[in-house]
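Peer 1: Next one to model:
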Amino acid sequence: MLPYRSENFSGTGVMDRDFYWDNHVASFFKTTSKGYQDGGEFVSSMQPKYVEGWGQDPQTGLRRFLGMYLTVSPNAAMLTVASTVDQNSMRQIFPKASDRWTSDLVAMGRYNKFAIGPNDLKGTWQSGGSQMTQWYDSFTGAYAGATIASSSATFSFAGSTYSSIHNGAKGAVGAMNTFQQEYIGNSTISKWTITLTNRYQGKTQQFDAHFQAVKGGRLLYLNNRAGEEYLLVKIK
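Peer 2: Got it, this is the predicted structure:
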């Protein structure tokens, strides 16, 4: 799990997939090549966030063929990296590694799911992110301003109760619209779900829930399948 700032890639000419390969994968594996499997797509927004190339296993020193897929959710970058003996092995083991919609390399992440228990959630968990779009006149090329959308969510669990605060802002720079929502209610926790009372308009909602293991700790994933999806880190 790495930080992701959309403003580093919007209108800068820097592709996020290249940034994370060059600054993280390349140095760790001492890569000697870099390539793509874009399927003929020339528009950057349609190209899969996939990069591949030759490198070196940091433990054995053996030459390896690497494939990396970048997933963004929402202000965090998650890198899925596969290491195989050669390019043919990569194609055989992960035939859809570079698929923009159903990458079987990204699908490996579904194994990173761990059940939760009531005592695991005590404390405060937080997520947040932002996205900036810079606009240019299609005829003159003149800069036409920027729009920003940002949001954050904080969940606190204590025994059988919870509270959550949701903040957000969106609009043109200098004319932002903001919102804040706060909920307090009861929580019922099972291995793979969390049920929270007194949500929007007083309704009870059930969230799919699990932990994801990352270097140095774990993240809490919540999804109510109605538009609320969070990947939270424990802050206290």
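Peer 1: Tyr69 against Lys49, yeah?
Peer 2: Yes. Because the distance of 6.1 Å satisfies CB atoms under 8 Å, Tyr69 is recorded as touching Lys49. C-beta: built from backbone N, CA, C; applies to glycine.
Peer 1: and the two? which has more neighbours close in?
Peer 2: Between Tyr69 and Lys49, counting by other CB atoms under 10 Å, Tyr69 is the more crowded of the two (27 against 21).
Peer 1: element containing that one?
Peer 2: If you go by DSSP states H and E, Tyr69 is part of strand 63-72.
Peer 1: Chain neighbours aside, what residue packs nearest to the residue most central in space within the chain?
Peer 2: With distances taken as CA atoms, centre = their mean, the residue of the chain nearest its centroid is Ser73 (2.2 Å). Distances taken as CB to CB, 6 or more residues apart in numbering place Leu231 nearest to Ser73, at 5.4 Å, with adjacent residues excluded.
Peer 1: Just the mean pLDDT for the strand or helix carrying the one you found, thanks.
Peer 2: Element membership for Leu231, per DSSP H and E: strand 229-234. Across strand 229-234, the average pLDDT comes to 90.
Peer 1: Any buried residues in it, and which?
Peer 2: Across strand 229-234, burial judged by 16 or more other CB atoms under 10 Å covers 230-234.
Peer 1: Save the residues you listed as TSV, and put in distance to Asn119 too.
Peer 2: Below are the buried residues of strand 229-234 laid out as TSV (distance: CB to CB, whole Å):
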residue	distance to Asn119
Tyr230	20
Leu231	21
Leu232	17
Val233	18
Lys234	13
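Peer 1: Out of the residues you listed, which comes closest to Trp101?
Peer 2: Comparing those against Trp101 with CB to CB places Leu231 closest, at 20.2 Å.
Peer 1: list the contacts for the closest one?
Peer 2: By CB atoms under 8 Å, 6 or more residues apart in numbering, Leu231 lies in contact with 73-74, 76, 127, 212, 219-221.
Peer 1: count of residues packed around Lys122?
Peer 2: Going by other CB under 10 Å, the residues that sit close to Lys122 add up to 11.
Peer 1: That one against Ser160, yeah?
Peer 2: No. Using CB under 8 Å, Lys122 is not in contact with Ser160; the gap is 11.0 Å.
Peer 1: Quickly find the element holding the closest residue to Leu2 other than its chain neighbours.
Peer 2: Leaving out its chain neighbours, the residue that sits closest to Leu2 by CB to CB, 6+ apart is Ala77, at 4.4 Å. Using DSSP H and E, Ala77 sits within strand 76-84.
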